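>>> Prediction below, plus the sequence it came from.
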Amino acid sequence: MQVLSTLLSLFLLFLPAIVSAERADRDKPIHLEADRATVEDYKRKGEFRTSVFIGNVIMTQGTLIVRADKVIMKEDTTGYRHATAYGDLVSYRQKRDGVNEYVEAWSKRAEYDDKTDKIELFGSARLKRGTDEVEGDYISYDIASDFFQVLGQPQPENDKKSDHRVRAVIQPKAKQPSTEDEK
């Protein structure tokens, strides 16, 4: 029997509270560094303004940091941005709001949309939140709600050596003492 796509949705049942990325990051300017760049004229015609950054790209916005070989950023007429990052491994890191920990992620391609506050990771995708980790071929992470889903990939008949399963490591959390008096 051929293995079908595996879908794993983790609804944060193992976390005591729902927290999201650092909210102040959205109001900070985006800084980009690269070996070279092309940027369309601001008085563009059309729906998007496109900028391409190539070579050791570092994109920061507050606590958010993306490192890649190439980033293509599109900005729509209302100011929302969509960035697609490519690399041997693209890395993403951002502080979580209200706690002293970070979300970190790696993949071959990452797409970040600041309108939906979502990052999608494609190819050899791995996401680490605190001490918990998941990996698969595709990870979708909703930054605002701190929700993610992970997909594996079907295993072709001629690729039996490859393992495209979803993996997760969920660390135990400290137990809270009971508030009721036991008699």
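Perfect, I can see it now.
>>> CA atoms for contacts and neighbours, from now on please.
OK.
>>> Strands of this structure, start to end?
Applying DSSP state E to the chain gives strands spanning 7-10, 31-33, 36-39, 48-61, 64-76, 81-95, 102-113, 118-129, 132-142, 147-151, 167-169.
>>> Measure how the fourth one sits relative to strand 81-95, angle-wise.
What that stands for is strand 48-61. Counting by axes from the mean of the first three to the mean of the last three C-alpha atoms, to 10 degrees, strand 48-61 points 10 degrees away from the direction of strand 81-95.
>>> In its sheet, which strands sit next to strand 48-61, and in what direction?
strand 31-33 (antiparallel), strand 36-39 (antiparallel), strand 64-76 (antiparallel) (DSSP bridges).
>>> Redo those strands as CSV? Include mean neighbour count, mean pLDDT and distance to residue 167.
Below are the strands paired with strand 48-61 laid out as CSV (neighbours: other C-alpha atoms under 10 Å; pLDDT from 0 to 100; distance: least, C-alpha to C-alpha, whole Å):
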stretch, mean neighbour count, mean pLDDT, distance to residue 167
strand 31-33, 14, 93, 33
strand 36-39, 13, 92, 37
strand 64-76, 21, 94, 23
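>>> what about the chain, any weak spots by pLDDT?
Applying pLDDT under 70 to the chain flags residues 1-24, 41-46, 154-163, 176, 178-183.
>>> Just give me the residue right at the centre of it.
residue 119 (4.1 Å; C-alpha atoms, centre = their mean).
>>> Contact partners for that residue?
The neighbours of residue 119, taking C-alpha atoms under 8 Å, 6 or more residues apart in numbering as the test, are 110, 111, 112, 113, 140, 141, 142, 143.
>>> That one and residue 64: what is the separation?
Separation of residue 119 from residue 64 (C-alpha to C-alpha, to the nearest Å) stands at 12 Å.
>>> cool, residue 75 as well?
18 Å.
>>> re earlier: the strands paired with strand 48-61 into TSV, with extra columns for distance to residue 150?
TSV is the format used below for those (distance: least, C-alpha to C-alpha, whole Å):
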stretch	distance to residue 150
strand 31-33	29
strand 36-39	33
strand 64-76	20
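>>> And those: which comes nearest residue 123?
Among these, strand 64-76 comes nearest to residue 123, with 14.1 Å by C-alpha to C-alpha.
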